[in-house]
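Peer 1: Here is a sequence with its predicted model. Questions after.
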Amino acid sequence: MANRYVRVYCPNGPSPFCKVFLLSQPQTSNPPEPPAEVEPESQATTAATTSAGTTKPSALWKGVCWGLLSAVAYSAANVFLKMSERDGLAPVWVSFVKAIPTVAIYAPLVLWQLKSGKITYPTRKAFIILAIASVAGHLFGNVAFQWSLGVVGVAMSVPLCLGMLILGGAVLGRMFLHERISMQSGISILVLIFAILVLCFGAGEANAAVQTSQLPGSSWIVLFGVICACSAGLSYAALGAAIRYGVAGNTSVMMTLVIVCGTGMLALGPLCLLTPGIAEMQKTTLPQWGIMLTAGVWNAVAFYALTRALKMTNVTFVNSLNASQTAMAALAGILFFAEPMTVALGAGLLLTIIGLLIMRRDHGEDHQVEEHIGETG
């Protein structure tokens, strides 16, 4: 009986992916086969770790930069989504068109990479998880968020969505990805949630300045708008966890994007025939097409940056970086939609910055996992 000890370094602490990797190794006494060629995105993740099992500071900052780029691009997309809402375009139609640029940009690249052998197909389990999370993310995320923009406005929709995104991402990351939530991370999350609540208290005045929905302004309609914004956050949290599962399992970043947006388009396409219907879709003007497609381009940039960030750090950290969208949404509301600057808005922005700084300090070092495999010799 011979024992072989294998040490594996996992940048985000113990996770099922490390165990799957170890159990998949051949348990024989024969010499190990040469390692398979690793795709470029996996090489980037491997290069981020040193022989001591810690993440290089440069890799950490790259993750921060990708996360912030994602937040900026999503904020830009939200501006164009609000513009499309003001034009009276149906939420399902806007969400469908928004997914077109991502598929158009990345699908040819994925096909070329598959043909040249640079990447492989995802596992059946990873594909199913990504597809289910994608459909939920488009229906209960994109469509619900787009509808909430016309009811409670950007100032309230964005912070509500991000608050639920942070909470849901932390819970799902802990439950299914075994990502730790330290005391410092918990404090940061509480500060960010409090910042979002403060912003929500001041969102009513800002919302009144940009309200364009033709729906009656009853309390039930407003309540449903709040629920839709929260539903979007929870759906995005589930999608983020699914993406993290896929890319941690060495599914290509571009492959992940195509799967998520492609399955979303397949789900939204038939719904567009019901609402708004073919007649209304044919009335879409060229400027309206330009607004929706521009939102889609920014969404593609943001989605790519988000997926790269999820490959370098954990769900909670990336979601907290994305909480900076709250401040960006407030600035966009002031600059483009004439929303007033209030005391609550200023206090919320300050709390958001403090929460992000606390979260950043908690990710100076990562974790390693050591697994012991018994082998018969």
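Peer 2: That came in fine, so what should we check first?

Peer 1: Which residue ranges of the protein form strands?
Peer 2: With DSSP state E applied, the chain shows strands at 2-8, 369-375, listed in chain order.

Peer 1: how much space between Leu271 and Val318?
Peer 2: In this structure, Leu271 and Val318 are separated by 29 Å, where distance is defined by Cβ to Cβ, to the nearest Å. C-betas here are computed from N, CA, C, even on glycine.

Peer 1: again with Thr251
Peer 2: Taking Cβ to Cβ as the measure, Thr251 falls 17 Å from Val318.

Peer 1: between the two, which one's more packed in?
Peer 2: Higher neighbour count among Thr251 and Val318: Val318, with 29 against 26, using other Cβ atoms under 10 Å.

Peer 1: what pLDDT does the most centrally placed residue in the chain get?
Peer 2: The centre of the chain sits closest to Gly240, judged by Cα atoms, centre = their mean, with a distance of 4.6 Å. Each residue has a pLDDT score; the one for Gly240 is 83.

Peer 1: Surely it touches Lys311?
Peer 2: No: the pair Gly240 / Lys311 is not scored as a contact, 12.0 Å apart, by Cβ atoms under 8 Å.

Peer 1: what are the ranges of the helices in the stretch 1-150 of the chain?
Peer 2: If DSSP state H, counting those that start in this stretch is used as the criterion, the helices of the stretch 1-150 of the chain fall at 16-23, 40-47, 57-86, 91-116, 124-137, 144-149.

Peer 1: Need the winner for burial among these.
Peer 2: Highest mean neighbour count of the helices of the stretch 1-150 of the chain: helix 144-149, a mean of 26 (counted as mean count of other Cβ atoms under 10 Å).

Peer 1: okay, that helix in CSV with CA atoms only?
Peer 2: Backbone C-alpha positions of helix 144-149 (Å, rounded to 0.1, in the frame of the first residue of the first chain) are rendered in CSV as follows:
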residue,chain,number,x,y,z
ALA,A,144,-38.1,42.5,-14.4
PHE,A,145,-35.4,45.2,-14.0
GLN,A,146,-36.4,46.9,-17.3
TRP,A,147,-40.1,47.0,-16.1
SER,A,148,-39.1,48.4,-12.8
LEU,A,149,-37.3,51.3,-14.5
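
Peer 1: Nearest residue to Leu310 in space, ignoring adjacent ones along the chain?
Peer 2: If the residues on either side of it in the chain are set aside, Leu310 comes closest to Arg244, at 4.8 Å by Cβ to Cβ, 6 or more residues apart in numbering.

Peer 1: tell me the pLDDT at that neighbour?
Peer 2: Reading off the confidence values, Arg244 has pLDDT 76.

Peer 1: what's the answer for Asn12, then?
Peer 2: What the model reports as pLDDT for Asn12 is 41.

Peer 1: what about Ala155, neighbour count?
Peer 2: Burial measure for Ala155: 30 neighbouring residues, criterion other Cβ under 10 Å.

Peer 1: Tell me the spacing between it and Ser95.
Peer 2: 21 Å.

Peer 1: again with Leu273
Peer 2: Counting by Cβ to Cβ, the gap from Leu273 to Ser95 is 14 Å.

Peer 1: What of Tyr245?
Peer 2: According to Cβ to Cβ, Tyr245 and Ser95 sit 23 Å apart.

Peer 1: Over to Ser182?
Peer 2: Between Ser182 and Ser95 the distance, using Cβ to Cβ, works out to 36 Å.

Peer 1: what does Cys261 give?
Peer 2: From Cys261 over to Ser95 the distance is 11 Å, taken as Cβ to Cβ.

Peer 1: what's the answer for Val258, then?
Peer 2: 17 Å.

Peer 1: do Trp220 as well
Peer 2: On the measure of Cβ to Cβ, Trp220 and Ser95 end up 24 Å apart.

Peer 1: Met281 now?
Peer 2: Met281 sits at a distance of 13 Å from Ser95 (criterion: Cβ to Cβ).

Peer 1: Need the residues that contact stretch 83-100.
Peer 2: Contact partners of stretch 83-100, identified using Cβ atoms under 8 Å, 6 or more residues apart in numbering, comprise 77, 81, 138, 142-144, 146-147, 149-150, 212, 214, 261, 264-265, 268-269, 271-272, 275-276, 280-281, 284, 288-289, 291-293, 295-296, 299.

Peer 1: List buried residues within those.
Peer 2: Using 16 or more other Cβ atoms under 10 Å as the burial test, these include 77, 81, 138, 142-144, 146-147, 149-150, 261, 264-265, 268, 271-272, 276, 284, 288, 291-293, 295-296, 299 as buried.

Peer 1: wait, doesn't Ser75 sit right on Thr326?
Peer 2: No: with contact defined as Cβ under 8 Å, Ser75 does not count as touching Thr326 (9.4 Å).

Peer 1: which stretches of the stretch 51-200 of the chain have low pLDDT?
Peer 2: Along the stretch 51-200 of the chain, the model assigns pLDDT under 70 to residues 51-59, 177, 199.

Peer 1: now do 50
Peer 2: Within the stretch 51-200 of the chain, the set of residues satisfying pLDDT under 50 comprises 51-55.

Peer 1: if we can go back for a sec, lowest average pLDDT across the strands of the chain?
Peer 2: Of all these, the segment with the smallest mean pLDDT is strand 369-375, scoring a mean of 28.

Peer 1: export stretch 116-128 as CSV, just CAs?
Peer 2: Presented in CSV, the C-alpha positions along stretch 116-128 are these (Å, rounded to 0.1, in the frame of the first residue of the first chain):
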residue,chain,number,x,y,z
SER,A,116,-8.9,25.1,-33.5
GLY,A,117,-9.0,23.1,-30.3
LYS,A,118,-8.2,26.1,-28.1
ILE,A,119,-11.2,25.4,-25.9
THR,A,120,-13.4,22.4,-25.2
TYR,A,121,-17.2,22.0,-24.8
PRO,A,122,-18.5,22.5,-21.2
THR,A,123,-19.6,19.5,-19.2
ARG,A,124,-23.2,18.6,-19.4
LYS,A,125,-23.7,19.6,-15.7
ALA,A,126,-22.1,23.0,-16.2
PHE,A,127,-24.1,23.6,-19.4
ILE,A,128,-27.4,22.8,-17.7
